[in-house]
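Undergrad: Can you look at this prediction? I've put the sequence above it.
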Amino acid sequence: MNITIDRTSRIPIYLQIVRQLRALILAGTLPAGTKLPPERRLARAIGVNRSTVLNAYSELKADALVESHVGRGTMVLPLASSPEVEDAGRNPEWRQFFRSETGYSRDPLIRDLLEMIERPDVVSLALGLPAPELVPLAAIQELLDRLLGEMGASLLLHCPTEGISPLRDVLSQWLCRRGIRCSPAEVLILSGSQQGLDLAARVFLSAGDEVVVEEPTYLGALQVFRSAGVRLVGIPMDDQGMRTDLLARILERRRPKLIYTLPTFQNPSGTVMGPERRAHLLRLAEEYNVPILEDDPYSELSYDAPPPDSLTAMDTGRRVMYLSTFSKILFPGLRVGWLVAPRAVIRQFALVKQSIDLHTNTPGQWLMERFLSRELVTPHLARVREAYRRRRDVMEETLLESPPPGFTWRKPAGGFYFWCRCPEAVERTPLFSHAVEQKVTFLPGWACFNDEPEATFIRLNFSYPQPEEIRTGIRRLMRVIAEVADQNWPVHRREAGTLPIV
Ligand SMILES: Cc1ncc(COP(=O)(O)O)c(C=O)c1O
């Protein structure tokens, strides 16, 4: 296979690679089943960065000309008669028209992990999803039937950008029970709390601004902040949450525009910030006049003692904005989350939201309004807490069976995850590839760090798999870790780990 690069051409190098490979595939010179060279090897051979080859392969994958599998590499697919494939040679390469430097990650990690969830033979401990079998389907069906009967087509019409008033009312009452006192006007309904992160970036941040995050933190927040071109200042954590003593030192010298924190059952580490730390964080925000975005999807999911009051409940200076969602306690597909903040913030967020999606989906909001106002949420939460507590305990029992030497973890008091540290000899890429070969997945810890982590960490989810799957998955994973940690683990298997994660 001969690929030539013309560095004087105005055509981007990855497109030059795409065009030549595409031509070879469409001409049958590379027939179905042909294995393309590993990215690293092709990059070395033609003198380009590995990411350039990665981009080229992604393009070919998007055209359904190739597919990748861990352990098998990137293979040419049979030429299907789908219009996309038929058009592949004739279409312009659309990527050339895209805005450059959008900052959006091309890392296919999350998409690939989601794809693997569909595979029945793979135990997924990777994503943070609620258990589908715990969704109260009968109640939802009844609520929807009634809503349609009562409201007819108006259930499906537009609503205000800020959200339907009855949901804002009932949410403000429900939050009051959590110690968060707010009026309905201080609640903005969002299309998932992910949208709140995106809006916060648009409202508060310009490229080059600094944002404080915990290290590690929620992967989706890192992606949003990176897309906004901000500089992230990662603050290490200990078992009491963000090290506010270190934050204090940062604030003496720098002026971040925002502090993003997950104080309760943190994603990914499961940590709960202690009350004193919370108070210290609030004092610092006040002293240095920095707003805080508190992200709190998990605090209803406590399995031992109830967590401390949220920062928002403790805040007297009105510097904390509170983000939460129904995605973890009920289901994520409805895309209903909310922000609590002073009215000036709600107004600004709503202005920006209007230009993005006009408003959050109307039937989803009505459904959640009824779910809360009919008091269905309390028994539901009791049920899921019980089920998740059991799954958490099953995960810990299985971890305790035969952990490889040097493998440690933190048992969470709530939320969805165990945060684990692998033995020193375990490198992240061969670990992930071998785990996928052995049909178990996890979230690689590096994805949750802004800076390079000091060790190989992994995040294990226990809410989605059923207890028996947890046992199977953890036993497989412990074997995989022990094998990869073994000094005799063959070098060529480490090399195989450089294949893309698909
Ligand atoms: C900490 C955190 N924030 C926000 C989100 C996004 O949730 P939603 O489905 O409401 O957009 C998640 C989902 O994993 C999360 O873990």
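TA: Good, I have the coordinates.
Undergrad: Give me the pLDDT for whichever residue of the stretch 51-200 of the chain sits closest to the ligand.
TA: Residue nearest to the ligand within the stretch 51-200 of the chain (Cβ to the nearest ligand atom): residue 192, separated by 2.8 Å. The way it works is simple: take the backbone N, C-alpha and C, and place the C-beta from them, glycine included. With respect to pLDDT, residue 192 has a value of 97.
Undergrad: Now residue 410. Its backbone dihedrals?
TA: phi -110, psi 120 (degrees, to the nearest 10).
Undergrad: who's it bridged to?
TA: Per DSSP bridges, the residues bridged to residue 410 are residue 419.
Undergrad: Any buried residues in stretch 195-206, and which?
TA: 195-202, 204-205 (16 or more other Cβ atoms under 10 Å).
Undergrad: Would you map the strands across the stretch 401-502 of the chain?
TA: Taking DSSP state E, counting those that start in this stretch to define them, one finds strands in the stretch 401-502 of the chain at 408-410, 417-421, 440-444, 457-461.
Undergrad: I'd like to know which of those lies nearest to residue 62.
TA: Smallest distance to residue 62 across these (Cβ to Cβ): 22.4 Å, for strand 440-444.
Undergrad: List of residues touching the closest one?
TA: 109, 113, 116, 122-127, 219, 268, 428, 431-432, 435, 457-461, 472-473, 476-477, 480 (Cβ atoms under 8 Å, 6 or more residues apart in numbering).
Undergrad: ok so, going back, will you turn the strands of the stretch 401-502 of the chain into a markdown table that also has distance to the ligand?
TA: Putting the strands of the stretch 401-502 of the chain into a markdown table (distance: least, Cβ to the nearest ligand atom, whole Å) gives the following:
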| stretch | distance to the ligand |
| --- | --- |
| strand 408-410 | 17 |
| strand 417-421 | 9 |
| strand 440-444 | 10 |
| strand 457-461 | 10 |
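Undergrad: Report the contact partners of residue 341.
TA: The contact partners of residue 341, by Cβ under 8 Å, 6+ apart, come to 186, 188, 321-322, 349.
Undergrad: and residue 324, that one's in a strand?
TA: Yes: when DSSP: H, G, I helix; E, B strand; the rest coil is applied, residue 324 is found to be in a strand.
Undergrad: shift numbering so it begins at 4
TA: Sure thing, new numbering starts at 4, so read that last one as residue 327.
Undergrad: Just list the residues touching the nearest residue to residue 452 once chain neighbours are set aside, thanks.
TA: Distances taken as Cβ to Cβ, 6 or more residues apart in numbering place residue 219 nearest to residue 452, at 5.2 Å, with adjacent residues excluded. For residue 219, the contact set (Cβ under 8 Å, 6+ apart) comprises 240, 271-272, 422, 448, 451-452, 456, 460.
Undergrad: from the contacts of residue 344, which ones fall inside strands?
TA: Counting by DSSP state E, these place 191, 324-325 in strands.
Undergrad: ok so, going back, ok, of the contacts of residue 344, which one's closest to residue 49?
TA: For these, the nearest to residue 49 is residue 352 (46.9 Å; Cβ to Cβ).
Undergrad: show me what contacts the residue nearest to the closest one when sequence neighbours are not counted?
TA: Closest residue to residue 352 apart from its sequence neighbours, by Cβ to Cβ, 6+ apart: residue 202 at 4.9 Å. By Cβ under 8 Å, 6+ apart, the residues touching residue 202 are 193, 342, 352, 355-356, 359.
Undergrad: go again using 6 Å as the cut-off
TA: 352, 355-356 (Cβ atoms under 6 Å, 6 or more residues apart in numbering).
Undergrad: And these, which of them are buried?
TA: Buried by 16+ other Cβ under 10 Å: 352, 356, out of those.
Undergrad: In CSV: the contacts of residue 202, plus distance to residue 69 and pLDDT.
TA: As requested, the contacts of residue 202 are exported to CSV (distance: Cβ to Cβ, whole Å; pLDDT from 0 to 100):
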residue, distance to residue 69, pLDDT
352, 42, 98
355, 39, 98
356, 38, 98
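Undergrad: Make CSV from the contacts of residue 202 and add distance to residue 365 to it.
TA: Formatted as CSV, the contacts of residue 202 follow (distance: Cβ to Cβ, whole Å):
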residue, distance to residue 365
352, 19
355, 20
356, 14
